[in-house]
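# Just need the structure, nothing else, for what follows:
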Amino acid sequence: MSRIGNKPISVPAGVDVNIAEGNVVTVKGPKGTLTKEMHKDMIITCEGSEVKVARPSEDKLHKSLHGLTRSLINNMVEGVTNGFSKTLEIEGVGYRAAKQGKNLVMNLGFSHQVIMSEIDGITIDVPAPNKIVVNGIDKQMVGQYASEVREKRPPEPYKGKGIRYEGERIIRKEGKAGKGK
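As a prediction, this is how the structure comes out:
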């Protein structure tokens, strides 16, 4: 029994949910519009201000898709109402980020600057030279873009220098043990 899949999704005022042929779910809200095609077997119904997801049978596939489908639709509703954001921290001497137009320009200890441009549906804020905030309405896109930024210089285990998610703990290693003579 899927505990997540059985919970109805409450749709706030100002948000419109449409379920088209082939389980194409479109969610319109104050921040934008998201469209996603769900698995054809799932039964998605919109009753008043609630969206319910049901499964046709007790197959293992249908059980696994039940909670997933509900979570995806819930994230779409959440995204068009509040949006999603991920905060990244930069640590290291001389490591910093700045925003130039629609580009994120980072100095990460390389001989060159690392430049990443904003993509559709994603906005970047740099409130401080060592902080990057990635915002958007699609949870998957925000996470993917934040992961790509972090990938440019992942935190290293000896000094902890690099780009990390806010609140991420880096497991530190001890350096070489010096032998005295």
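
# In the top helix by length along the chain, which of the residues would be classed as buried?
Across the chain, the longest stretch assigned as helix under DSSP state H is helix 60-81. Neighbour-count burial for helix 60-81, counted by 16 or more other C-beta atoms under 10 Å, picks out 62, 65-81. In this view, the C-beta of every residue, glycine as well, is placed from N, C-alpha and C.

# and what of stretch 32-50?
Within stretch 32-50, the residues that qualify as buried are 34, 36, 38, 42, 44, 46, counting by 16+ other C-beta under 10 Å.

# Just the C-alphas of that stretch, formatted as PDB.
What follows is stretch 32-50, C-alpha atoms only, in PDB (Å, rounded to 0.1, in the frame of the first residue of the first chain):
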ATOM      1  CA  GLY A  32       4.600  29.900 -14.500                       C
ATOM      2  CA  THR A  33       3.400  26.700 -16.200                       C
ATOM      3  CA  LEU A  34       4.700  23.200 -16.000                       C
ATOM      4  CA  THR A  35       3.700  20.300 -18.200                       C
ATOM      5  CA  LYS A  36       4.700  16.700 -17.700                       C
ATOM      6  CA  GLU A  37       3.600  13.400 -19.200                       C
ATOM      7  CA  MET A  38       2.900  10.800 -16.500                       C
ATOM      8  CA  HIS A  39       2.800   7.000 -17.000                       C
ATOM      9  CA  LYS A  40      -0.200   6.000 -19.100                       C
ATOM     10  CA  ASP A  41      -1.400   3.400 -16.600                       C
ATOM     11  CA  MET A  42      -1.900   5.700 -13.700                       C
ATOM     12  CA  ILE A  43      -5.400   7.000 -13.000                       C
ATOM     13  CA  ILE A  44      -5.200  10.800 -12.300                       C
ATOM     14  CA  THR A  45      -8.400  12.700 -11.400                       C
ATOM     15  CA  CYS A  46      -9.000  16.300 -10.500                       C
ATOM     16  CA  GLU A  47     -12.000  16.800  -8.100                       C
ATOM     17  CA  GLY A  48     -12.500  20.400  -7.100                       C
ATOM     18  CA  SER A  49      -9.400  21.600  -5.300                       C
ATOM     19  CA  GLU A  50      -7.900  18.200  -5.000                       C
END
